[in-house]
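*Asks:* I would like the atomic coordinates for the input below:
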Amino acid sequence: MIPRLLKSVTRYLRSIGEAIFFLGDILSLILRGRVRWNDVLNQMYEQGVQSIMIVVLTSLATGTVLGLQGFITLQRFGAKEFIARLVALSLLRELSPVFTSLIFSGKAGAGITAELGTMNTQDQIQATRAMGVNPIEYLVVPRFLACFLVLPVLVIISEIFGMLGGYMIALSQARLPGAFYIHETLQAVGYVDFFSGFIKVFFFAIIVGWICCYQGFFTQGGATGVGRFTTKAVAYSYIAVIVSNTVLTKIILTFWG
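*Replies:* The predicted model follows:
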């Protein structure tokens, strides 16, 4: 029992070390300018443009539900005028960055892991090494950098459509004037509110890109392994995003309040 436990712990620590060195290789290539921008643009289309619709639909639904629940609750206290503030601050500070990162991980992150995993199981990564090409530079850096550039844009889109969902509820259910809702939203949102949530997105992008690229790059076990490692990548990304959000929120509130 104890030797098996020690073996599992050793394997786990080794994988953590490999992941850290893997991230170091990626960042080193980026800092040295070893970036294939045409591939980055292709990946931005694959990851970003094809994720917009699902982000729009989920954000619109989230804003609508948030506005409806806020209206029902605030109406009891005669404070339905504060729906705009509730929706805007909830989306900007927490919901849009976290939800969009989770959606992005399940959509684009899973695709990254499956692509790299398939290449690895079919020895395409080894073939790039045989041709004298760094597979991390050629395959991983474009995908990682695209995550970092695309996710913040998707979060902004999520925030806009989330507030649009709250706007529709304010007009249809709370019977608030549209101009009043927009004015309240602008009054409620400050630079601190926007950037306290937006700064976290870049950390989430690094986490999702790192985990998904690592799991795909080191996939083993053929077609079955691709599915298993893709599932692990999405699960680890979800956990890492949620845990890191807790830590980052505590740090940001400590300094910004």
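*Asks:* which stretch of helix or strand covers Thr113?
*Replies:* helix 110-121 (DSSP states H and E).
*Asks:* What are the boundaries of the helices in the stretch 1-150 of the chain?
*Replies:* Along the stretch 1-150 of the chain, the stretches classed as helices by DSSP state H, counting those that start in this stretch are 2-31, 37-47, 52-76, 83-90, 96-104, 110-121, 124-130, 135, 141-172.
*Asks:* what helices or strands is the shortest one leaning on?
*Replies:* Looking back up the chat, that one is helix 135. Helices and strands touching helix 135, by 3 or more Cβ pairs under 8 Å, 6 or more residues apart in numbering; DSSP states H and E, are helix 124-130. In this view, the C-beta of every residue, glycine as well, is placed from N, C-alpha and C.
*Asks:* Let me see the mean pLDDT of the helix it packs on.
*Replies:* The pLDDT scores in helix 124-130 average 83.
*Asks:* what about dumping the CA coordinates of that helix to PDB?
*Replies:* Output of helix 124-130 as PDB, limited to C-alpha atoms (Å, rounded to 0.1, in the frame of the first residue of the first chain):
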ATOM      1  CA  GLN A 124       3.500  13.800 -36.000                       C
ATOM      2  CA  ILE A 125       5.200  15.600 -33.100                       C
ATOM      3  CA  GLN A 126       8.200  13.200 -33.400                       C
ATOM      4  CA  ALA A 127       8.200  13.900 -37.200                       C
ATOM      5  CA  THR A 128       8.600  17.600 -36.600                       C
ATOM      6  CA  ARG A 129      11.600  16.900 -34.400                       C
ATOM      7  CA  ALA A 130      13.100  14.700 -37.100                       C
END
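*Asks:* Counting by contacts, list what that helix packs against.
*Replies:* Contacting helix 124-130 under the criterion 3+ Cβ pairs under 8 Å, 6+ apart are the following elements: helix 135.
*Asks:* So what's the gap between the helix it packs on and the chain middle?
*Replies:* For helix 135, the gap between its own C-alpha mean and the chain's C-alpha mean amounts to 24 Å (Cα atoms, centre = their mean, to the nearest Å).
*Asks:* now stretch 18-27
*Replies:* Centroid separation for stretch 18-27 versus its chain: 19 Å, with Cα atoms, centre = their mean.
*Asks:* cool, and stretch 55-73?
*Replies:* Relative to its parent chain, stretch 55-73 has a centroid offset of 20 Å by Cα atoms, centre = their mean.
*Asks:* now stretch 136-156
*Replies:* Relative to its chain's centre, stretch 136-156 lies at 11 Å (Cα atoms, centre = their mean).
*Asks:* Which positions within it qualify as buried?
*Replies:* Residues 136-152, 154-155 are the ones in stretch 136-156 that count as buried (16 or more other Cβ atoms under 10 Å).
*Asks:* ok, Glu18 - contacts?
*Replies:* Tyr214, Phe218 (Cβ atoms under 8 Å, 6 or more residues apart in numbering).
*Asks:* Can you tell me how far it is from Val9?
*Replies:* Relative to Val9, Glu18 is positioned 15 Å away (Cβ to Cβ, to the nearest Å).
*Asks:* repeat for Ile103
*Replies:* 33 Å.
*Asks:* and the two? which has more neighbours close in?
*Replies:* Set side by side, Ile103 and Val9 give different neighbour counts by other Cβ atoms under 10 Å, the larger being at Ile103 (19 against 10).
*Asks:* Mind jotting down where the helices sit in the stretch 151-257 of the chain?
*Replies:* When assigned using DSSP H, counting those that start in this stretch, the helices of the stretch 151-257 of the chain occupy the ranges 178-188, 191-217, 222-256.
*Asks:* for the record, mean pLDDT for the first one?
*Replies:* When you say that, I think you mean helix 178-188. pLDDT averaged over helix 178-188 equals 87, rounded to a whole number.
*Asks:* Measure how it sits relative to helix 141-172, angle-wise.
*Replies:* Following axes from the mean of the first three to the mean of the last three Cα atoms, to 10 degrees, one obtains 130 degrees for the angle between helix 178-188 and helix 141-172.
*Asks:* Done for today, thanks.
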